[in-house]
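J.: Sequence first, predicted coordinates after that:
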Amino acid sequence: MSEHGEDQPPAAEALPLARYERLDTRDVDEARELVARDFCAHQLLPLTRHSSLHTRFHSVRLGGLGLHYLDYGAEVRVAPGELRDFFLVLLPLAGAAEVTSGNETVLVHPSAGAIPAPDRKFVVRWGAGNRQLIVRADRGGLERHLSKMLGKPLTEPLMFDLGVDMTAQTIRSWRNVVDLLCREVDAETGPLEQPLAMRELERLVFSRLLLAQPSNYSAALHREPMSAAPKMIKRATELIEAHAAEPLTVEDIAEAVGVSVRALQEGFRRHFDTTPMNHLREIRLRRVHTALKLADPAHTTVTDLALQWGFLHLGRFSVQYRQRFGELPSATLRG
């Protein structure tokens, strides 16, 4: 333990995902069994003779995403073998660990994470002070999302670089979305029961990760797009108007009209000087405005309608609403 106690775990109320505690134990077998239920079968071996193992595990699943907080409180070796059907993004909050995937090894710490390849043997030597936030992404869901972004089927399995540079601006932007999601699911009035809001967040987590972390598809994702034809743009706007109440993503729209995400975005920029999702947001703002005017304030809240229409960040929603309609949503509801 250091002089300033930085290797000590934070107080229980400060832990990530505190509402979703699954495990608090000093028993190795119990820790192995319960963590395996959310990930996969694995070996768990304490590496000190007088182990101070104290496992804390918090976990919540959100569709194709999982958010997990894990702290073993001791130096351990974790060997899952192959993950196969999901990706794990390891984000150390404190301390360090050594991650080996196939023949490659990286050191992870708060400035460097890791994404082990699902099809390679995976081992972690977990430091005593290492506490991690772990994002789980279903492999099938992430690869389908990638296919929609590209506008064509994948030619080979997705493979990320093992090391994640947490100081890179694009990765920091992705991490901000993950942190927002963690805060929202921990909130008493979080969006877990709102499919529009949750689909938007899942889309953001997937899209920003694919664009930020180097992979075997990075070149294709960043290639200069060809603009979608006006006929395709018209079809896209009609689809957005007709399905604005559904969990619609830019990937869904691009797939429906038969173009890549970047071509669709370039087409909207060229023809409307906006983006497909900004166009969708404008439609949803108008729908919320109408709903607020018709709602009974005794039985409906602004939060209810905002989440129903996919607006997760309520402060930002209020600003956008006021810019669009000249008053706060609460004033529309009372009026």
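T.: Good, I have the coordinates.

J.: How many residues are close by the closest residue in space to Leu158 that isn't next to it in sequence?
T.: Distances taken as Cβ to Cβ, 6 or more residues apart in numbering place Glu143 nearest to Leu158, at 5.2 Å, with adjacent residues excluded. (Each C-beta comes from the backbone N, C-alpha and C, glycine too.) Glu143 is flanked by 19 other residues according to other Cβ atoms under 10 Å.

J.: For the helix or strand containing Glu143, the averaged confidence score.
T.: Element membership for Glu143, per DSSP states H and E: helix 139-150. On average, the pLDDT along helix 139-150 is 91.

J.: Also stretch 233-245?
T.: Averaged across stretch 233-245, the pLDDT comes to 90.

J.: how about it as PDB, C-alpha atoms only?
T.: Below are the C-alpha coordinates for stretch 233-245, written out as PDB (Å, rounded to 0.1, in the frame of the first residue of the first chain):
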ATOM      1  CA  ILE A 233     -31.700  10.800 -49.800                       C
ATOM      2  CA  LYS A 234     -35.400  11.200 -50.400                       C
ATOM      3  CA  ARG A 235     -36.100   7.600 -49.400                       C
ATOM      4  CA  ALA A 236     -34.000   8.200 -46.300                       C
ATOM      5  CA  THR A 237     -36.000  11.200 -45.200                       C
ATOM      6  CA  GLU A 238     -39.300   9.400 -45.800                       C
ATOM      7  CA  LEU A 239     -38.000   6.500 -43.800                       C
ATOM      8  CA  ILE A 240     -36.900   8.800 -40.900                       C
ATOM      9  CA  GLU A 241     -40.300  10.500 -40.900                       C
ATOM     10  CA  ALA A 242     -42.200   7.300 -40.800                       C
ATOM     11  CA  HIS A 243     -40.100   5.500 -38.200                       C
ATOM     12  CA  ALA A 244     -39.100   8.400 -35.900                       C
ATOM     13  CA  ALA A 245     -40.800   6.700 -32.900                       C
END
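
J.: show me the contacts for Asp24.
T.: His54, Thr55, Arg56, Phe57 (Cβ atoms under 8 Å, 6 or more residues apart in numbering).

J.: helix, strand or coil for it?
T.: Secondary structure assignment for Asp24 (DSSP: H, G, I helix; E, B strand; the rest coil): strand.

J.: Please check which residues sit opposite it as beta-bridge partners.
T.: Per DSSP bridges, residues listed as beta-bridge partners of Asp24: Arg56.

J.: I'd like the distance between it and Phe311.
T.: Between Asp24 and Phe311 the distance is 35 Å, computed by Cβ to Cβ, to the nearest Å.

J.: Kindly report the same for Val261.
T.: For Val261 relative to Phe311 (Cβ to Cβ), the value is 22 Å.

J.: again, but for Arg56
T.: Taking Cβ to Cβ, one finds Arg56 at 33 Å from Phe311.

J.: Just the residues contacting stretch 295-313, thanks.
T.: Surrounding stretch 295-313, the residues in contact under the criterion Cβ under 8 Å, 6+ apart are 180, 184, 189, 191, 194, 196-197, 199-201, 245, 247, 284, 287-288, 291-292, 314, 317-318, 320, 329-330, 333-334.

J.: residue contacts, Trp174?
T.: Val205, Arg208, Leu209, Ala212, Gln213 are the contacts of Trp174 under Cβ under 8 Å, 6+ apart.

J.: show me the contacts for the residue minimising distance to the centre of the chain.
T.: By Cα atoms, centre = their mean, the chain has its centre lying nearest to Val205, at 3.3 Å. Neighbouring residues of Val205 by Cβ under 8 Å, 6+ apart: Leu65, Val135, Ala137, Trp174, Val177, Val178, Leu181.

J.: nearest to Asn278, of those?
T.: Val177 (17.4 Å; Cβ to Cβ).

J.: Could you list the low-pLDDT ranges of the protein?
T.: Residue ranges of the chain with pLDDT under 70: 1-13, 49-51, 188-195, 224-228.

J.: now the helices for it?
T.: Ranges of helices in the chain, per DSSP state H, are 28-38, 139-150, 169-186, 195-212, 218-222, 230-242, 250-257, 261-272, 276-294, 302-308, 314-325, 329-334.

J.: Would you mind listing the buried residues in the fifth one?
T.: Across helix 218-222, burial judged by 16 or more other Cβ atoms under 10 Å covers Ala220, Leu221.

J.: Other residues contacting it?
T.: Residues outside helix 218-222 that contact it (Cβ under 8 Å, 6+ apart): Leu146, Met149, Leu150, Leu210, Leu211, Arg262.

J.: what's the spacing between Leu285 and Ala242?
T.: 17 Å.

J.: Looking at the two now, which is surrounded by more residues?
T.: The neighbour count for Leu285 versus Ala242, taken as other Cβ under 10 Å, is higher for Leu285 (20 against 11).

J.: could you list every residue that touches that one?
T.: When the contact criterion is Cβ under 8 Å, 6+ apart, the partners of Leu285 are Gln320, Tyr321, Arg324, Phe325.

J.: returning to that earlier point: can I get the helices of the chain in a markdown table including distance to Arg120?
T.: Shown next, in a markdown table, are the helices of the chain (distance: least, Cβ to Cβ, whole Å):
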| stretch | distance to Arg120 |
| --- | --- |
| helix 28-38 | 19 |
| helix 139-150 | 13 |
| helix 169-186 | 22 |
| helix 195-212 | 19 |
| helix 218-222 | 19 |
| helix 230-242 | 39 |
| helix 250-257 | 27 |
| helix 261-272 | 29 |
| helix 276-294 | 35 |
| helix 302-308 | 40 |
| helix 314-325 | 40 |
| helix 329-334 | 50 |
